[in-house]
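Asks: no sequence for this one, just the structure:
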């Protein structure tokens, strides 16, 4: 993934707040099973785009690599939809590990706060 541009760091403004939160999420299929391939990866991408639109998030980049609150929603919705559309996935007790990684990628110093 390329570096983020200056416009990716624009502040989000609402009536009561100003924010600049950029997150990098990584979540891994249960037992590192290679389930995020071909049609499954495509459907997962559709689900993520749907959630982004539904929650008015701004998605800067998305990369689904076969071996690899927001994470909870994505994992929950994705598991449900993928299992309905791909019956072979129902054989697995779960698609995801119970953990995920998230980090803020912003560049705000404590002086700015």
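Replies: Ah, there it is. Nothing here was measured: the structure is a model prediction, and the numbers come from that model. Residues are numbered from 1 along each chain as shown.
Asks: show me what the longest helix seen in the chain is packed up against.
Replies: Identified as the longest helix of the chain according to DSSP state H is helix 38-55. Where contact means 3 or more CB pairs under 8 Å, 6 or more residues apart in numbering; DSSP states H and E, helix 38-55 is packed against helix 70-85. (C-beta placed from N, C-alpha, C; glycine too.)
Asks: quick one: mean pLDDT for the helix it packs on?
Replies: Per-residue pLDDT over helix 70-85 has a mean of 89.
Asks: and the contacts of that helix?
Replies: Here helix 70-85 makes contact (CB atoms under 8 Å, 6 or more residues apart in numbering) with 23, 25, 27, 35, 40, 43-44, 47-48, 50-51, 55, 57, 89-90, 94-96, 100, 102.
Asks: at 7 Å instead, please
Replies: Here helix 70-85 makes contact (CB atoms under 7 Å, 6 or more residues apart in numbering) with 25, 27, 40, 43-44, 47-48, 51, 89-90, 95-96, 100, 102.
Asks: pull out the buried positions in the longest helix of the chain.
Replies: Of all the residues in helix 38-55, those buried under the rule 16 or more other CB atoms under 10 Å are 40, 43-44, 47-48, 51.
Asks: same question for stretch 73-84.
Replies: Neighbour-count burial for stretch 73-84 [16+ other CB under 10 Å]: 74-75, 77-79, 82-83.
Asks: what's the burial count for residue 20?
Replies: Residue 20 has 14 neighbours, counted by other CB atoms under 10 Å.
Asks: doesn't residue 11 make contact with it?
Replies: Yes. Between residue 20 and residue 11 a contact is recorded at 5.1 Å, counting by CB atoms under 7 Å.
Asks: if we can go back for a sec, wait, which of the contacts of helix 70-85 is closest to residue 64?
Replies: Relative to residue 64, the closest of the contacts of helix 70-85 is residue 44; by CB to CB it sits at 5.9 Å.
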